[in-house]
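Novice: Sequence first, then the predicted structure:
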Amino acid sequence: MTESQPLLSARAVTKVFPGTVALDKVDFTLHAGEVHALLGENGAGKSTLIKCLTGAYRRDSGEIVLDGRAIDPRNTLEAQSFGIGTVYQEVNLLPNLSVAENLYLGHQPTRWGLITGAAMKAGARRTLSQYGLDIDVSRNLEEFSVAVQQVVAIARAVSLSGKVLILDEPTASLDAQEVRLLFDVVRSLKERGLGIVFISHFLDQVFEISDRITVLRNGRLVGTQMAAELDRVNLVNMMLGRELVEETRQSGRTERPDGPPLIRFSNFGRAGKIAPFDLDIRKGEVIGVAGLLGSGRTETAEVLFGVSAHDSGSAVEGEETLPLGTPRNAIAHGFGFCPEDRKSDGIIGDLSVRENIVLALQARLGWTRPVPAREQAAMAEEFIGRLDIRTPNAEKPVGQLSGGNQQKVILARWLATNPRFLILDEPTRGIDVGAHAEIIRLIEELCEQGMALLVISSELDELVAYSHRVIVVRDRHHVAELAGEDITTDNMVAAIAAPEREDA
Amino acid sequence: MSAAGHLLRRIAPQLVTLAATLLLIAIVFPGFFEISIANGRLYGSPIDILNRGAPVALLAIGMTLVIATKGIDLSVGAVMAICGAVAAAAITSGMGLVATLALALGAGLACGLWNGLLVSVLGIQPIVATLILMVAGRGIAQLITEGAILTFSNEGLIFIGSGAFFSVPMPVLIWVLAGALVALVVRRSALGMLIEAIGINRRASTLAGINARVLLIAVYMASGLCAALAGIIAAADIRGADANNAGLWLELDAILAVVIGGTSLLGGRFSILASLIGAMIIQAVNTGILLSGFPPEYNLIIKAAIILVILVMQSPAVRTTLIFLRRDKTSSQSETEPVVQ
């Protein structure tokens, strides 16, 4: 690999969205004949960087140089003509057209203005044979497996652009054999001198295929390293945060509250989501959940809250078995859940701050017992003050607030229901530092008041700061439970990074 | 700002449009605003608008709730035909007035339940789900009337279509009361907020514990009930059930009334009062064209043109421009004017 002249280099690329800096002066270089993995949790800035490279977004500052020439693609079509092609996880080709038509869509071979089907089919067969694919190109794309569709998408992207190929989670829906097929294609393209950007959250695959690895976190570059020189533990360390400088605690809290468990989940799970697990929750206890994206951490929360109903095990409170099949049931038993994706699962954007805060309480009371207007206003004012929600007034549509304030509104929504057990999925993701510290303080405060909390976070230091116990999730299994002094970032990283699943 | 102030601001565009439409008619037809009382009943063109607009106004009440949930109900015209047919069949078979009305309203609720189940339990897109009953409904109505126009002469039933109570025509009384009742229930209970929440973000609403499934069924049933009332009035008015023509194309007028009323087809914030004013605007346009003596073949084109103007006035692009213009003029006085409506 030549270090002299990178094929593609991005310098100090910055992209700002209202309320957040999605990319903060990120550098990225790609050489010809290289597979370069781009890693990071949700919201780390991977997709934003890709979208700036492919012209889906215009960057706010920084420069992108391709083949020694500064480029500024205004849309994906222009990026394609420069030589940058992208294949997404969801193949975005046309399933009801033939393979050949998909390959040649927009630039069909023509004679006297008419499309020549025969030439197109021959060309398609020739193109695909380079990828070791011998299929009937006149059949519709949807008749083939996702892997084949993926290869067709790659073939199309390469034939249109031919310098840089960006693969955005291409293996997410493939089985092991299909992954091998795809990787063979990637290797052959690499030999042909293409620069390939590979995005995935499967670490095994990353190590298998990549030459170099770049890690982003919270919109900033953490580092770029040769894959051969990086081990899994270091990689996980780079991906998960160690952000809280002011926090001095090195291991988890030891004063775990004793007494009988509030609710005892045994053999609780759902096929395809999370393997059955046992979990006791106590009053005044914070249980942390650590794991990588897609490991089963969010699924754990969703099964507990009934978003996807459990199909094994039971939840027992004292002698009574709790029916927890739906969110409504869970809420009736004093559960609350702040989901990871605030925009699609949390806020009701057009409703006011006040209405968003009252919503869960109102839903529990039922439509016939409205919370009186005066009480609603008082409740909104109380939480705006207590959680320091920055809004001009309680009647502002919540969609117009910043991410951190939206998060506080959803927290307020659950606190208004006075829950016994609150589940927080990534409560501090994508919010500014000030709000971040306030939410952590709130978690500790709620726990002191006797609430039981389950907090999912990819910021490991944060988990150390407030957890009494930490559950480590990998490959949709609860693989380890750390308590008290054993809760350290090193122990968590070791459990997350362990390559094979062996029961801890 | 006070609640009344908010309401006035919300319905101001509709009120202005209605006033402009009426004024325009009055210019073309000077005697327009004359109202008289004869035989214990109010007469005159404005009363006629209120009276003739009853079916669309009733449909618009239910349609507003359905659209607020991000749905649509194409079947209401056909449900009118079914319920009119049920009422006619019941009364001609010798049933009492109360039983007849109960049966017809029950038929409307059943139609709504069917739509609601398709949308909320089976998850079929509302436009497709209600299209089924829109197509099948007239067939069902024809089966009930056995293909003929089923006429009746029961005074009680006819009174609903052409009678008057304290000089106010019955249809007017029914839609005003129904509108007031639904608006009151929806806003005095938490129903309005919950409906808006599921229309804006159904997934987030479900996670917050709202029973979206039951609420969706309820709004479609409300729509069915409103259609049943409209169907009874339409049948009583002509003293017979016409399965082919009762409520024909009225679902489109009802949707239009809701849109003129400013409720977004994408769901969310709604105003029943604004939809009712929308329904009256549509009827005023209809009546105005008739009064002005244009050849009838121009009617639909003129109506379409007027509605186009109304909708263009309300389009986001034009609104933004208007707000900018107004701001330029009044920026010195009203700094606190919110830009979003």
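Specialist: Great, that's in hand.
Novice: Quick check: buried residues in the helix or strand hosting B:Leu300?
Specialist: Element membership for B:Leu300, per DSSP states H and E: helix B:299-314. By 16 or more other CB atoms under 10 Å in any protein chain shown, the buried positions in helix B:299-314 come out as B:303, B:306-307, B:310, B:314. To be clear about C-beta, it is placed using only N, CA and C from the backbone, and glycine gets the same treatment.
Novice: Looking at the residues you listed, which gets the smallest pLDDT?
Specialist: Among these, B:Gln314 has the lowest pLDDT, at 68.
Novice: how deep is residue 158 tucked in, by neighbour count?
Specialist: The chain I'm using is chain A. The number of residues packed near A:Val158 is 22, by other CB atoms under 10 Å in any protein chain shown.
Novice: that's the other chain; I wanted chain B
Specialist: B:Ile158: 18 neighbours (other CB under 10 Å).
Novice: ok, it touching B:Ile233?
Specialist: No. Using CB atoms under 8 Å as the test, B:Ile158 is too far from B:Ile233 to be in contact (10.9 Å).
Novice: that older thread, give me the contact list for the helix holding B:Leu300.
Specialist: B:13, B:17, B:21, B:256, B:259-260, B:262, B:281-282, B:285-286, B:289-290, B:294, B:318 (CB atoms under 8 Å, 6 or more residues apart in numbering or on different chains).
Novice: Return the helix or strand in the chain with minimum mean pLDDT.
Specialist: The chain I'm using is chain A. Within chain A, no helix or strand scores below strand A:110-111, which has a mean of 73 by mean pLDDT, DSSP states H and E.
Novice: Check which helices and strands it is in contact with.
Specialist: The helices and strands touching strand A:110-111, judged by 3 or more CB pairs under 8 Å, 6 or more residues apart in numbering or on different chains; DSSP states H and E, number zero.
Novice: Pull the distance from it to the chain's centre.
Specialist: 46 Å (CA atoms, centre = their mean, to the nearest Å).
Novice: Relative to that strand, what are the paired strands and their orientations?
Specialist: Its sheet considered, strand A:110-111 pairs with strand A:114-115 (antiparallel) by DSSP bridges.
Novice: Not including adjacent chain positions, what is the nearest residue to B:Pro169?
Specialist: Spatial nearest neighbour of B:Pro169, excluding adjacent residues (CB to CB, 6 or more residues apart in numbering or on different chains): B:Asn51 at 4.7 Å.
Novice: And the contacts of the helix or strand harbouring the one you found?
Specialist: In this assignment (DSSP H and E), B:Asn51 forms part of helix B:45-52. The contact list for helix B:45-52, computed with CB under 8 Å, 6+ apart, reads B:22, B:25, B:29, B:31-35, B:169, B:171-172, B:280, B:283-284, B:286-287, B:291.
Novice: For that helix, C-alpha coordinates in CSV please.
Specialist: Included here for helix B:45-52 are C-alpha records, laid out as CSV according to Å, rounded to 0.1, in the frame of the first residue of the first chain:
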residue,chain,number,x,y,z
SER,B,45,-81.0,31.6,1.3
PRO,B,46,-78.8,31.6,4.4
ILE,B,47,-81.1,29.1,6.1
ASP,B,48,-81.1,27.1,2.9
ILE,B,49,-77.3,26.9,3.0
LEU,B,50,-77.4,25.7,6.6
ASN,B,51,-80.1,23.2,5.8
ARG,B,52,-78.7,21.8,2.5
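Novice: Toward the C-terminus from it, list the very next helix or strand.
Specialist: Past helix B:45-52, the next helix or strand by DSSP H and E is helix B:54-68.
Novice: quick one: the following helix or strand past that next one to chain centroid distance?
Specialist: Under the assignment DSSP H and E, the closest C-terminal helix or strand after helix B:54-68 is helix B:76-92. Its chain's C-alpha centre and that of helix B:76-92 lie 18 Å apart, by CA atoms, centre = their mean.
Novice: Show me what helix B:76-92 is packed up against.
Specialist: helix B:54-68, helix B:97-116, helix B:126-145, strand B:150-151, helix B:212-238, strand B:240-241, helix B:250-260.
Novice: residues in contact with the residue nearest in space to the middle of chain B?
Specialist: The centre of chain B sits closest to B:Ala60, judged by CA atoms, centre = their mean, with a distance of 1.8 Å. With contact set as CB under 8 Å, 6+ apart, B:Ala60 has these partners: B:254, B:257-258, B:261, B:275-276, B:278-279.
Novice: Near chain B, which residues of chain A? Just list them.
Specialist: Counting by CB under 8 Å from any CB of the partner chain, chain A comes close to chain B at A:305, A:307, A:327-328, A:331, A:337, A:339, A:344-351, A:355, A:358-360, A:362-371, A:397, A:413.
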